[in-house]
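Trainee: predicted model and sequence follow; I will ask about them next.
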Amino acid sequence: MSSLPPFTTRPEIKGTFGAVTTTHWLASSVGMAMLEKGGNAFDAAVAAGFVLQIVEPHLNGPGGEVPIIAMRHDDEAPRVICGQGVTPAAATAEHFEQLGLKMVPGTGLLPAVVPGAFGAWMQLLRDYGSMPLATVLEPAIGYAENGFPLLGRAVSSILPVVDFFKHEWPSSAEQWLVGGGAPRPDGLFRSPAIALTYRRILAEATLAGPDRDAQIERARATFYEGFVAEAIDRFYRQPLMDSTGERHAGLLTGNDMARWSATDEPTVSGEYAGYRVHKAGPWSQGPVFLQQLALLEGVDFSAFGPESAEFVHQIAESAKLAYADREAWYGDPVGADVPLETLLSPEYNAARRQLIGDQASFEIRPGLAGGDERMAAIMALAGSEPTIGPGGGEPTFAPLPSVEGDTVHLDIVDRFGNMVSATPSGGWLQSSPSVPGLGFSISTRAQMTWLTPGIASSLRPGVRPRTTLTPTLVTRDNKAVMAFGSPGGDQQDQWSLTTFLRIVHYGYDLQRAIDAPQFQIRHFPASFHPRDCVLGRVLIENRYSQEVLAELRAKGHDLSLQGEWALGRVCAVARRDGMLHAGASARHMQGYAVGR
């Protein structure tokens with residue numbers, strides 16, 4: 001037997017000092033630099049998170065949101081810092097109906113929510129970190145001022161909107177166009193307006209005196225009550241073009257900003273194969289991961305391989321059931337009654353498991369009384385209003401050159417055993433106009449709400465839209481042992497689950513599990529405008545063998561073959577065997593893991 005490990009695109013990183021993995025090599029390097037300077041995993045996460053805003057502006061930005069799962073080495077359990085902002089006070093279904101709309105637009109000013117990322121990063125730094133605010137912000141400001149190589153995919157997101165920016169969103173044209181056109185791929189690009197915004201925030205923070213916590217709080221107040229909120233309030237009063245093909249003013253105000261703050265919440269968790277898996281609550285799609293694990297509890301994975309047709313079939317069919325429940329029942333518990341305890345219970349999932357047969361299902365089957373009625377109302381709207389103009393649609397899968405709006409991810413573990421997982425998103429440069437004087441766009445996350453009353457994810461003022469953002473942290477014996485996640489909208493928990501199962505049941509290391517062929521279903525209404533659905537559809541990388549593909553077709557799956565390395569951008573870190581481990585997807589050729 002050979003002692004050589006199977007080929008992977010990169011080595012699994014191993015060390016004892018620290019490990020950082022993100023969806024961009026510059027952010028990973030910055031995170032590691034914070035550890036080298038004496039910071040902990042949380043300091044590194046904040047610094048890396050701010051850098052990701054600069055170097056992946058088509059995927060997230062300063063006006064976006066972030067859910068964070070953090071666990072100190074001596075904590076009994078991880079906690080969620082929720083940086084998902086809420087809908088404006090004026091965002092009512094009646095307002096949209098008066099505009100003649102059946103759905104919330106995917107672009108423009110109308111779908112804006114309070115940008116929660118800044119508040120969440122400040123809370124993580126204050127409560128978990130150790131470094132001064134200026135230290136963790138310095139790398140992001142440096143890249144914004146001095147330049148960074150602009151990804152080809154970012155340029156591909158700008159190309160379709162060049163004329164649109166010029167004629168409809170001139171503030172975005174000023175921010176993102178060079179000489180009247182798209183920037184050069186991989187050329188040095190600067191974001192001076194964002195740098196100036198962060199320097200103004202730092203200057204305000206120093207007025208609070210030398211106390212670190214006071215400076216962080218002053219920075220937070222400057223963003224949500226000071227010049228940042230004032231600029232957003234002014235700008236959102238003017239009508240601008242959106243995906244309806246008409247011009248509408250925004251609903252977000254400075255008062256909405258001032259009323260909001262990030263929250264510290266317990267995770268939702270479940271036991272599986274000796275691990276406890278922790279996710280954010282039902283305002284995210286995180287419990288879908290736990291529901292799938294509960295459904296798969298009765299599956300004998302030793303009876304088939306990790307790249308077999310049965311592996312794909314079992315996961316795809318369990319996903320159909322879990323995502324049907326997501327559509328019918330998930331939402332912000334502040335505004336909806338979410339029966340989460342029942343949805344995650346062994347009894348409920350044992351009964352649901354009986355619905356999984358040998359053939360692919362083409363039905364959407366939520367559980368519990370009233371689920372079918374809710375799903376019928378949703379399906380009547382899904383895909384009913386096409387997106388007009390650029391900037392909207394499902395993230396990740398629009399063919400290039402295209403307008404992509406997606407997400408980034410980071411996982412970090414330090415030598416003390418502190419661990420953090422975060423999935424920043426929103427504020428995409430192509431989905432809403434850049435706010436003059438600030439240099440960044442605001443999250444359009446309200447597009448994930450429905451205007452039909454009585455659904456868990458219906459639009460309600462001051463409530464979090466149900467987001468797709470879903471980091472994962474895993475514990476064993478009350479110690480953090482693994483953290484992972486991925487960009488990819490509705491696919492995030494599908495790609496992450498497949499990676500996790502290959503680690504748990506087949507002994508794959510992080511990098512091998514991440515590199516393995518991926519797939520996902522499209523058997524539910526998408527979370528992004530225009531929210532279409534393709535029953536029975538399985539997107540699958542064409543690295544699967546012809547025999548496996550034929551067997552899946554024989555089971556009735558509607559396969560859509562994708563490129564060899566088209567699906568999944570999972571990052572992961574772990575602690576085991578006295579070492580720290582990290583891996584990152586080679587897909588999109590930008591994620592990287594570092595450590596020593």
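Mentor: Perfect, thanks for sending it. Numbering: from 1, shown residues only.
Trainee: when you work out contacts or count neighbours from here on, use the C-alpha atoms and nothing else.
Mentor: Fine.
Trainee: which residue is nearest the middle of this protein?
Mentor: Centrality entry for the chain: nearest residue to the mean C-alpha point is Leu469, 3.4 Å, by CA atoms, centre = their mean.
Trainee: now do the contacts for that residue.
Mentor: 66-67, 284-286, 423-425, 487, 489, 492 (CA atoms under 8 Å, 6 or more residues apart in numbering).
Trainee: who's Ala572 bridged to?
Mentor: Counting by DSSP bridges, Ala572 is bridged to Phe484, Gly583.
Trainee: buried stuff in the worst-scoring helix or strand of the chain on mean pLDDT?
Mentor: Lowest by mean pLDDT, DSSP states H and E among the helices and strands of the chain is helix 371-381, with a mean of 87. Buried residues in helix 371-381, counting neighbours by 16 or more other CA atoms under 10 Å, are found at 371-372, 374-375, 377-379, 381.
Trainee: just give the nearest non-adjacent residue to Val30, would you?
Mentor: Sequence neighbours aside, Ala48 is the residue nearest to Val30 in space, at 5.9 Å (criterion: CA to CA, 6 or more residues apart in numbering).
Trainee: can you count the residues close to that neighbour?
Mentor: Residues lying near Ala48 (other CA atoms under 10 Å) number 32.
Trainee: and whatever helix or strand it lives in, what other elements does it pack with?
Mentor: Element membership for Ala48, per DSSP states H and E: helix 41-55. Secondary structure elements in contact with helix 41-55, counted by 3 or more CA pairs under 8 Å, 6 or more residues apart in numbering; DSSP states H and E, are helix 25-36, helix 117-128, helix 133-146, strand 410-414, strand 419-422.
Trainee: so what's the gap between that helix and the chain middle?
Mentor: From the chain centre to the centre of helix 41-55 is a distance of 15 Å (CA atoms, centre = their mean, to the nearest Å).
Trainee: that one vs helix 133-146, what angle?
Mentor: In terms of direction (axes from the mean of the first three to the mean of the last three CA atoms, to 10 degrees), helix 41-55 departs from helix 133-146 by 20 degrees.
Trainee: do I have it right that the residue nearest to Val30 meets His24?
Mentor: No - contact status for Ala48 versus His24: not in contact, 9.3 Å apart, counting by CA atoms under 8 Å.
Trainee: flag the shaky bits of this structure, pLDDT-wise.
Mentor: Along the chain, the model assigns pLDDT under 70 to residues 1-2, 384-385, 389-405.
Trainee: identify all contacting residues around the least confident helix or strand of the chain.
Mentor: 102-103, 324-325, 327-329, 364-366, 450, 452, 454-455, 525.
Trainee: related to what we said a few turns ago, buried subset of the contacts of Leu469?
Mentor: Buried among these (16+ other CA under 10 Å): 66-67, 284-286, 423-425, 487, 489, 492.
Trainee: can I get those residues in TSV including secondary structure and distance to Ala229?
Mentor: What follows is the buried ones among the contacts of Leu469, written out as TSV (DSSP: H, G, I helix; E, B strand; the rest coil; distance: CA to CA, whole Å):
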residue	secondary structure	distance to Ala229
Val66	strand	18
Pro67	strand	21
Ser284	coil	25
Gln285	coil	29
Gly286	helix	30
Thr423	coil	24
Pro424	coil	20
Ser425	strand	19
Pro487	coil	28
Gly489	helix	28
Gln492	helix	31
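Trainee: so where does Val155 fall, helix or strand?
Mentor: Assessed by DSSP H and E, Val155 sits inside helix 152-158.
Trainee: now the element after that helix, going C-ward?
Mentor: Following helix 152-158 in sequence, per DSSP H and E, is helix 162-167.
Trainee: in a helix, Gly245, correct?
Mentor: No - looking at Gly245 with DSSP: H, G, I helix; E, B strand; the rest coil, it is coil, so not inside a helix.
Trainee: grab the nearest non-local neighbour of it.
Mentor: Leaving out its chain neighbours, the residue that sits closest to Gly245 by CA to CA, 6+ apart is Ile388, at 5.4 Å.
Trainee: ok, now which ones touch that neighbour?
Mentor: Listed by CA under 8 Å, 6+ apart, the contact partners of Ile388 are 242-245.
Trainee: make a PyMOL selection of the buried ones in those residues.
Mentor: Typed into PyMOL, the line below selects the buried ones among the contacts of Ile388, using 16+ other CA under 10 Å:
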select buried, resi 242+243+244
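Trainee: and of the contacts of Ile388, the nearest to Ala193?
Mentor: Nearest to Ala193 out of the contacts of Ile388 is Asp242 (CA to CA; 23.6 Å).
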